[in-house]
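K.L.:
coords please:
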Amino acid sequence: MSPKPTLQDVASAVGVSRSTVSNAYSRPDQLSSALRARIFEAARQLDYPGPDPTARSLRRGFVGTTGVLFTSKLSYAFTDPFAVRFLAGVASAAEKRGTSLLLVPLPAETAQARSAVENASVDGFCVYCAPEESWVLDIIRRRGLPFVTTAPRPDAGDDRYVGIDERAAARSVADHVAGLGHRRVALLGESTLPDAPPGPLRLAGPGDAPHPTTRGRLTGFADALAAVGVGWTDITVLNATGNSRAAAAAAVAGVFTGDDPPTAVLACSDVLALGVLDTLGGRAAEVSVTGFDDVADAAVAGLTTVRQPAEEKGRIATELLLDPPADAAAGHVLLPTELVVRTSTRPLQRS
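P.N.:
As a prediction, this is how the structure comes out:
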C-alpha cells in the first residue's frame, strides 16, 4: 500500500512552502485565487484530503465545539420534551457563534463517565442535569476548560450558571395543592435514590436526594406541606426509574388501592405527571396531579404545572459559556417561573 500523500507532497508538486499550502486551507485571504487553484488541483491529483482537523485544532488551541453533558442515555436528548427545547436554545446560540455541539451522555458506570468527560474534544461544557456535579466539575477544572451549569449553587463563586429557584418554584405548586385542602400527598421523582426500585421508598429527608434538581423540588414541596402541618414522615415518596410515562405508571402501581391513598401527587416533571394521569384513567377526578416544566402535552392534558423557559435557559447557558461576562455576578442567572393552574387540580373531596 502506497503511503498517504502529505502536505509536503502538495507543496513539492506546486513548488511552494508547506505554510503556503496550509494557508490555502486555513487562511485563504493570504493567497491569490490563482495560486489557491493550483494548490487544490495538485491536492486533487495526489488524492490529498487536506490538513488533519484534529491536529489543526491543537495548533489553534480550540476545537470549535461545545460539549453538552447529560446525565442519561443519548436518546434522552431527543425524546425528553424539556431536553429537546433546552437543546434548541443551545443550538440557536451556538449557530450564531459558528460553533458545533457534542452531546456527551454520562454512563452509569463511574469510570466510563469520568472517561467521557476527560476525553471529550470540546472547548467547554454546558452541564445539563448531572447528578452530584462536584466530581464532574473537578475534572473540567483540571482540564482547564470553562463550563456553565444549569443547577444554581450558593457556593458558585466565579462559576457561571443559569437556572431557576427550584425550591421556590416547587413550593408555589405545592402551596396551591395544600390550599385546596390536600394533606395525604405523594411526591414523585425520577431516580430519587440511585438504583432504587420503582414505587415507595424510604428517604430520611429531601436533602438526601443526590440529584440537585430533584433535591430542590422535593424540598420545596416539603416546605409547603410543613406549613399546613404535614411532616416529612407523613408524605409518601415515590421513585420512578426513568423520566417516562411508563416509569411513572410503575412507580404509582398499587398506591391508590390501599387504605387512605394519596389525594394528590406532586411530580417532579410533566412527563411523570402525565404518566400518573394515564394510570388513573377514569379516577383522575378523584386525585389532584401536578407536574413541572410545562411541556406541550401539559396544556393538552389540562395539567397544573410550573412553567420554566426551557429554550431561554439553553440559549443563555451557551451565551455565558461562549461570551463570558467580565463581572462574575453577571454569570449567575436566575430565570423566572410561573405557576400554571389547570383542571388536573381541584379541591379535596371530603367524604
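
K.L.:
what's the neighbour count on residue 154?
P.N.:
By other Cβ atoms under 10 Å, the residues close to residue 154 number 5. To be clear about C-beta, it is placed using only N, CA and C from the backbone, and glycine gets the same treatment.

K.L.:
which SS state does it fall under?
P.N.:
Classification of residue 154 using DSSP: H, G, I helix; E, B strand; the rest coil returns coil.

K.L.:
now do the same contact list for it.
P.N.:
Counting by Cβ atoms under 8 Å, 6 or more residues apart in numbering, residue 154 makes contact with nothing.

K.L.:
from residue 212, how far off is it?
P.N.:
11 Å (Cβ to Cβ, to the nearest Å).

K.L.:
try residue 227
P.N.:
From residue 227 across to residue 212, the span is 23 Å (Cβ to Cβ).

K.L.:
give the bridge partners for the closest residue to residue 137 other than its chain neighbours, please.
P.N.:
Excluding its sequence neighbours, the residue lying closest to residue 137 (Cβ to Cβ, 6 or more residues apart in numbering) is residue 147, at 6.6 Å. Under the criterion DSSP bridges, residue 147 forms beta bridges with residue 125.

K.L.:
what about residue 147, how many residues nearby?
P.N.:
Number of residues near residue 147 (other Cβ under 10 Å) recorded here: 23.

K.L.:
then residue 48?
P.N.:
By other Cβ under 10 Å, the residues close to residue 48 number 19.

K.L.:
is it true that it touches residue 3?
P.N.:
No - Residue 48 lies out of contact with residue 3 (Cβ atoms under 8 Å); the separation is 11.6 Å.

K.L.:
tell me where the stretch 251-351 of the chain has strands.
P.N.:
264-267, 288-290, 305-307, 332-334, 338-340 (DSSP state E, counting those that start in this stretch).

K.L.:
tell me which of those strands sits nearest to residue 204.
P.N.:
Nearest of the strands of the stretch 251-351 of the chain to residue 204, taken as Cβ to Cβ: strand 264-267 at 18.9 Å.

K.L.:
just how off-centre is that closest one within its chain?
P.N.:
Computed by Cα atoms, centre = their mean, to the nearest Å, the separation of strand 264-267 from the middle of its chain amounts to 22 Å.

K.L.:
for that strand, list the C-alpha coordinates in PDB.
P.N.:
The C-alpha atoms that make up strand 264-267 are tabulated as PDB, following Å, rounded to 0.1, in the frame of the first residue of the first chain:
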ATOM      1  CA  ALA A 264     -52.700  14.400  45.400                       C
ATOM      2  CA  VAL A 265     -49.500  13.600  43.600                       C
ATOM      3  CA  LEU A 266     -46.800  16.200  43.000                       C
ATOM      4  CA  ALA A 267     -44.500  15.100  40.300                       C
END
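
K.L.:
what's the burial count for the nearest residue to residue 275 once chain neighbours are set aside?
P.N.:
Once flanking residues are discounted, residue 275 sits nearest to residue 248: 2.7 Å by Cβ to Cβ, 6+ apart. Residue 248 has 30 neighbours, counted by other Cβ under 10 Å.

K.L.:
mind telling me what element residue 248 is part of?
P.N.:
Secondary-structure assignment from DSSP states H and E places residue 248 in helix 245-252.

K.L.:
sec struct for residue 215, please.
P.N.:
Going by three-state DSSP: residue 215 is helix.

K.L.:
can you check the one 10 residues further on too?
P.N.:
At residue 225 the chain is in helix, as set by three-state DSSP.

K.L.:
residues of stretch 314-330 that come out buried?
P.N.:
314-322, 324 (16 or more other Cβ atoms under 10 Å).

K.L.:
what's the answer for stretch 294-311, then?
P.N.:
For stretch 294-311, by 16+ other Cβ under 10 Å, it's 294-295, 298, 301, 303-311.

K.L.:
for residue 262, state which of those residues is nearest.
P.N.:
For those, the minimum distance to residue 262 (Cβ to Cβ) is 15.5 Å, reached by residue 304.

K.L.:
who are the contact partners of the closest one?
P.N.:
By Cβ under 8 Å, 6+ apart, the neighbours of residue 304 are 173, 176, 288-291, 339-345.

K.L.:
in CSV: those, plus distance to residue 271, neighbour count and pLDDT.
P.N.:
Shown next, in CSV, are the contacts of residue 304 (distance: Cβ to Cβ, whole Å; neighbours: other Cβ atoms under 10 Å; pLDDT from 0 to 100):
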residue, distance to residue 271, neighbour count, pLDDT
173, 16, 26, 98
176, 20, 19, 98
288, 18, 25, 97
289, 12, 30, 98
290, 13, 30, 98
291, 8, 31, 98
339, 19, 16, 98
340, 16, 16, 98
341, 19, 11, 98
342, 16, 15, 98
343, 19, 12, 97
344, 14, 25, 97
345, 18, 22, 97
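
K.L.:
as a markdown table, these with distance to residue 241 would be great.
P.N.:
Shown next, in a markdown table, are the contacts of residue 304 (distance: Cβ to Cβ, whole Å):
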| residue | distance to residue 241 |
| --- | --- |
| 173 | 23 |
| 176 | 28 |
| 288 | 24 |
| 289 | 19 |
| 290 | 21 |
| 291 | 18 |
| 339 | 28 |
| 340 | 27 |
| 341 | 29 |
| 342 | 27 |
| 343 | 29 |
| 344 | 23 |
| 345 | 26 |
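
K.L.:
and residue 171, how far is that from residue 184?
P.N.:
Relative to residue 184, residue 171 is positioned 19 Å away (Cβ to Cβ).
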